[in-house]
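# Provided below are the primary sequence and the corresponding predicted coordinates.
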Amino acid sequence: MNDSEQPRSAGESGPPGSTTAPEGASGLTGPDGGAPAPSPREVSAAAHAEHPHKVTPDDSLTAAQSVASTATTMEVMEANPLRDPRDKRLPRVAGPCVLVLFGVTGDLARRKLLPAIYDLGNRGLLPPGFSLVGFARRDWAHQDFAKITHDAVKEHARTPFREEVWKQICEGLHFVPGSFDDEGAFDALAMALKEIDETRGTGGNYAFYLSTPPKAFPLIVDQLKRTGLTKAPAGSWRRVVIEKPFGHDLKTARELNRTVDSAFKPDSVFRIDHYLGKETVQNILALRFANTLFEPIWNRGYVDHVQITMAEDIGVGGRAGYYDGIGAARDVIQNHLLQLLALVAMEDPTAFGAAALRREKEKVLEALTLPEDLSLATARGAYTAGWQGGVPVAGFLEEDGIPADSTTETYAAIKLEIANRRWAGVPFYLRTGKRLGRRMTEVAVVFQRAPHLPFSKTDTEILGQNALVIRIQPDEGITVRFGSKVPGTAMEVRDVNMDFAYGEAFLESSPEAYERLLLDVLIGDPPLFPHQREVELSWKVIDPIEEFWAKTDEQPEGYPSGTGGPKSADELMARDGRVWRML
Amino acid sequence: MGATTASDISSQLTRLRHQVGAPAVGMVLTLVVVCDESHQYDAVRAASEASREHPSRILAVIPREREEATRLDAEIRVGELTTGEVVLLRLYGELREHADSVLSPLLLPDIPVVVWWPNNAPEAPAKDPVGAFGQRRITDARSAGDSVAAIRSRSAGYTPGDTDLAWTRITPWRSLLAAAFDQPVGKILDGYVEAEPGHPSAALLAVWLSDRLDAPIKVTESKGPGLTTVHLRLKGGEVVVKRQDSRTATLVRPGQPDRQVALARRPTSDLLAEELRRLDPDEVYAAAIQAAASNGSKRS
């Protein structure tokens, strides 16, 4: 997902209940955060919409989920005589539970969470009796909440709207009005949950989703503790879901963690980094560890350097209030890009369980080293007025809510090295920015040039370096770039692409990241959620850079909107004799 | 195309693809459908619908009169109803015995081949000349004269990669029961599966349950249609799934209110799509047909 499109949490900025989209254009973007022009196949599928089977959920799933009395965790699987790990036809199901959504009036809830819940229901993946409780400072009745949810679903859900699914979800909707410091409201919440347990058989299983600004976390957690909602009676569970930012430096990350830890067991805390819910990101693991083709060259012997890019074409828009003082490095590099780096660079895990995966990711993050002279290994910038995609746009300092003397960066590039046997000497270049020429997220592994070319120099003049590019979004897929002879009598070698596109090989539409992650929370499956230790290790990388930038006391270098970033970033690469990949 | 050859068909397909302006092959498998003329319409339709989820080249092999002069008639359908390509191949005369020679130039390179016999499956699918192309071989016991005997005999010719739609049909039942057993219910004493007479899926479901639950499970007869009831007796209670109509069923569990469950009968295209989703050998199916075979021999 485009990150500035990452919708705001409630109260982050904008007038309460404001429904204006942050950008004129983002209202048009598709529900996966992209603006996917429907592929010809989707169109043809739509043309055959009278055939119901594309729309109807998988029957074996629906049937199983509708009787689920407990989630199919690993322990349950072992105890159940009818289950067999080899029997892949039988789906795993989520047990009855309640999802309590704090910050239900926020942008994230409206654009992602509520639609994702509906989509899960439409695919037959929600347990029977599933209930959704909204909590916000609004004078709403249940019907008002239902109306808001209905509108959000209609506008943003990926699957077609079906009245019977909506009715089912609607039966489980509840709303509790109140502010986060209102004891009465939380008492009412506790009562409401108890009542839902009785009427809908949800068995005391609650997931609390804190879609609020982090400063509200301590309030909410304290109130939950006070009302006893964090304590699960035997045989039931309590989980808490938090969204980034996980603090804005190591110290605040630890404070945040202490707050959450004081009430919930570490294995009931789910930190959502929606990038990890993306199919293409999970595919990095399949690409690396299910194939023999890539692993032998996946090291310093063959790799020249790695570029990880997340470019956005939009500005800060409605997130200005939050963004000022945070900047691109904290907003994107600390979480998404470092997680991508960990997946690309880690050793093979012993298993695909949460513990083994996290262990390997932590090892890589721990081995990250910053170059000694940060002035040569980092670059930052802020966009200035210019033309973006044929539209004139304002500069960062002219945006509403950004002070003219702001030193916040909207573009950040850093060079990192990994001190281990596999990667020593291979630089990893990370960059992210807003208002760049194009929206794109990719990981490019660039290989060394052939040590000797039997061709004459003129033959290979336009031959670049081999590269393997994992395209995360948009147009998910993998590209391999290599040299090939140009047809003709002369010997001339030029770069060509070999392409694997997700949409072509698998027509089954992949679930949206939030759908996958929400379901994992309900089942209690943690591998796709970063652990607190990973969060802290990432801050240890970012903190020195932020300190260095703060010390320079300069405003970031300007770059015109719609271009490839500031000059200093290009110079950073030029010093190493390399160039950024074209945006 | 009347009286043609495989290479003509192949070049015609390439030409058509270039004409539509999509020279890239985005297909994930080749689906070979072997059936007679009377089953052709339904089978190709189901395959085309399944190909919306799994874009494929569908090759329908239709053996025709042995007495006629040896020749190959082909009909190519591109675009319109299918996301891939459909080629109907009608084999006359001696060519009936040499379908493999027609097929091999038409299989897409480097991607899996799935062979499906909507009716009249060979006894050992993997040994059949056409079946030998396939990583996955799908039969359908229900189409046989004696379906229960057919499913029992599958075990003799079984090779990993074989599967039968009689097994696919009970996936919703099995999912439902597995989910119901996620909450421990205790030891099952015995039970029965009720279905219309001669229903192969009922036999499979019974042996699967009996194998997993280690309890005797009988097959009893009802008016149908298809599977109607699964009844499992435990100490002081029972677990029952009873289908009322073609869409819903009731689940009865001890200590819990009865629950209405959607348990629809699925069209063939859905069954096929489920099969195409997993191309790895289904070991659980192998165990089930083996148990079915040994059960059958005990009784007879």
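Right, received. Where do you want to start?
# Chain B versus A:Thr259, what's the distance?
Distance, A:Thr259 to chain B, by C-beta to the nearest C-beta, to the nearest Å: 34 Å. Heads up, the C-betas are built off the backbone N, CA and C, glycines and all.
# Quick check: buried residues in the one helix or strand that residue maps to?
In this structure, A:Thr259 sits in helix A:250-261 according to DSSP states H and E. Within helix A:250-261, the residues that qualify as buried by neighbour count (16 or more other C-beta atoms under 10 Å in any protein chain shown) are A:250, A:253-254, A:256-257, A:259-260.
# swap in stretch A:430-445?
Neighbour counts using 16+ other C-beta under 10 Å place A:430-437, A:439-445 of stretch A:430-445 among the buried residues.
# Closest to A:Tyr209 out of these?
Closest to A:Tyr209 out of the buried residues of stretch A:430-445 is A:Thr441 (24.9 Å), distances taken as C-beta to C-beta.
# quick one on the thing from earlier: the buried residues of stretch A:430-445: which two are farthest apart?
Of all pairs drawn from the buried residues of stretch A:430-445, the greatest distance, 27.0 Å, lies between A:Arg435 and A:Val445 (C-beta to C-beta).
# I'd guessed B:Ala293 sits against B:Ala156; true?
Yes - if you go by C-beta atoms under 8 Å, B:Ala293 and B:Ala156 touch, sitting 7.0 Å apart.
# quick one, which of the two is more surrounded?
B:Ala293 (18 against 11; other C-beta atoms under 10 Å in any protein chain shown).
# list the contacts for that one?
Counting by C-beta atoms under 8 Å, 6 or more residues apart in numbering or on different chains, B:Ala293 touches B:152-156.
# Could you identify the buried members of those residues?
B:152-155.
# Give me the below-cutoff pLDDT ranges for chain B.
Flagging of chain B using pLDDT under 70 yields the residue ranges B:20-26, B:79-83, B:296-300.
# Which parts of it are strands?
Assigned by DSSP state E, chain B shows strands spanning B:29-34, B:56-63, B:71-78, B:85-92, B:113-116, B:136-139, B:162-164, B:188-195, B:217-221, B:227-234, B:237-243, B:248-253, B:256-262.
# list the buried ones in the helix or strand containing A:Lys167?
Element membership for A:Lys167, per DSSP H and E: helix A:163-171. Neighbour-count burial for helix A:163-171 flags A:165-166, A:168-170 (criterion: 16+ other C-beta under 10 Å).
# Next one: that helix, is it in contact with chain B?
No - if you take C-beta under 8 Å from any C-beta of the partner chain as the test, helix A:163-171 misses chain B, and the best it gets is 10.0 Å.
# tell me which strands and helices the following helix or strand past that helix is in contact with?
Note on helix A:163-171: by DSSP H and E, the next helix or strand toward the C-terminus is strand A:173-177. Applying 3 or more C-beta pairs under 8 Å, 6 or more residues apart in numbering or on different chains; DSSP states H and E, we find strand A:173-177 packed against strand A:131-136, helix A:142-156, helix A:183-200.
# who touches B:Gln290 in this structure?
B:155, B:158.
# Pull up the gap between it and A:Ser66, please.
B:Gln290 sits 32 Å away from A:Ser66, going by C-beta to C-beta, to the nearest Å.
# Could you do A:Ala157 as well?
A:Ala157 is 20 Å from A:Ser66, by C-beta to C-beta.
# swap in A:Asp182?
To A:Ser66, A:Asp182 is 37 Å away according to C-beta to C-beta.
# again with A:Leu519
From A:Leu519 over to A:Ser66 the distance is 15 Å, taken as C-beta to C-beta.
# for B:Ala141, same thing?
Counting by C-beta to C-beta - B:Ala141 and A:Ser66 are separated by 28 Å.
# which one of these two has more residues nearby?
For B:Ala141 and A:Ser66, the more surrounded residue by other C-beta under 10 Å is B:Ala141, and the numbers stand at 26 against 22.
# Could you report the neighbour count for whichever residue of the stretch 101-250 of chain A sits closest to chain B?
Of all residues in the stretch 101-250 of chain A, A:Pro128 sits closest to chain B, at 7.2 Å by C-beta to the nearest C-beta. Using other C-beta under 10 Å, A:Pro128 has 19 other residues around it.
# Helix, strand or coil: sort out A:Leu430 for me.
Under DSSP: H, G, I helix; E, B strand; the rest coil, A:Leu430 falls in the strand class.
# just A:Gly301 next, same as before
Assignment for A:Gly301 (three-state DSSP): coil.
# Now A:Leu250: closest residue in space that isn't a chain neighbour?
Nearest residue to A:Leu250, sequence neighbours excluded (C-beta to C-beta, 6 or more residues apart in numbering or on different chains): A:Trp539, at 4.0 Å.
# And A:Phe447, by the same measure?
A:Asn466 (4.2 Å).
# on that earlier part again, and the buried ones among the contacts of B:Ala293, which is closest to A:Arg581?
Closest approach to A:Arg581 among the buried ones among the contacts of B:Ala293 (C-beta to C-beta): B:Arg154, at 54.0 Å.
# From chain A, how far off is the closest one?
Computed as C-beta to the nearest C-beta, the B:Arg154 to chain A distance reads 17 Å.
# Ramachandran coordinates for that residue?
Torsion angles at B:Arg154 (phi, psi; degrees, to the nearest 10) stand at phi -60, psi -30.
# That one contacts B:Trp167, doesn't it?
No - the criterion here is C-beta under 8 Å, and B:Arg154 misses it with B:Trp167 at 9.3 Å.
# Any chance you could list residues touching both of those two?
When contacts are counted by C-beta under 8 Å, 6+ apart, B:Arg154 and B:Trp167 are jointly contacted by B:Ile289.
# In contact with A:Leu468, which residues?
A:294, A:444-445, A:447, A:478-481.
# and what of A:Trp166?
Residues near A:Trp166 by C-beta under 8 Å, 6+ apart: A:118, A:150, A:153.
# For burial, what's the neighbour tally of the closest residue to chain B within the stretch 351-500 of chain A?
At 8.7 Å from chain B, A:Asp499 is the closest residue in the stretch 351-500 of chain A, using C-beta to the nearest C-beta. A:Asp499: 15 surrounding residues under other C-beta under 10 Å.
# beta partners of it?
A:Asp499 has the following beta-bridge partners by DSSP bridges: A:Thr479.
# ok, the closest residue to chain B within the stretch 251-400 of chain A - how many residues close by?
Using C-beta to the nearest C-beta, A:Ala290 is the residue of the stretch 251-400 of chain A that sits closest to chain B, at 13.2 Å. Residues near A:Ala290, counting by other C-beta under 10 Å, number 10.
# phi, psi of the most far-flung residue of chain A relative to its centre?
No residue in chain A sits farther from the centre than A:Thr489, which is 49.6 Å out by C-alpha atoms, centre = their mean. Here is the backbone geometry of A:Thr489 (degrees, to the nearest 10): phi -80, psi -30.
# quick one: it and B:Glu37, what's the gap?
Applying C-beta to C-beta to A:Thr489 and B:Glu37 gives a distance of 54 Å.
# still on that earlier bit, please flag which of the buried residues of stretch A:430-445 sit within strands.
Per DSSP E, strands hold the following members of the buried residues of stretch A:430-445: A:430-433, A:440-445.
# near chain A, which residues of the stretch 101-250 of chain B?
Within the stretch 101-250 of chain B, the positions adjacent to chain A are B:171-184, B:209, B:212-214, B:249 by C-beta under 8 Å from any C-beta.
# repeat that for 7 Å
Residues of the stretch 101-250 of chain B lying near chain A by C-beta under 7 Å from any C-beta of the partner chain: B:171-172, B:174-184, B:212-213.
# Of those residues, which is the most crowded?
Among these, the one with the most neighbours (other C-beta under 10 Å) is B:Ala179, at 31 neighbours.
# Do I have it right that that one meets A:Ser66?
No - between B:Ala179 and A:Ser66 there is no contact under C-beta atoms under 7 Å: 8.2 Å.
# how many neighbours does A:Val391 have?
Quick note: A:Val391 (other C-beta under 10 Å) scores 11 neighbours.
# Distance of it relative to A:Leu436?
14 Å.
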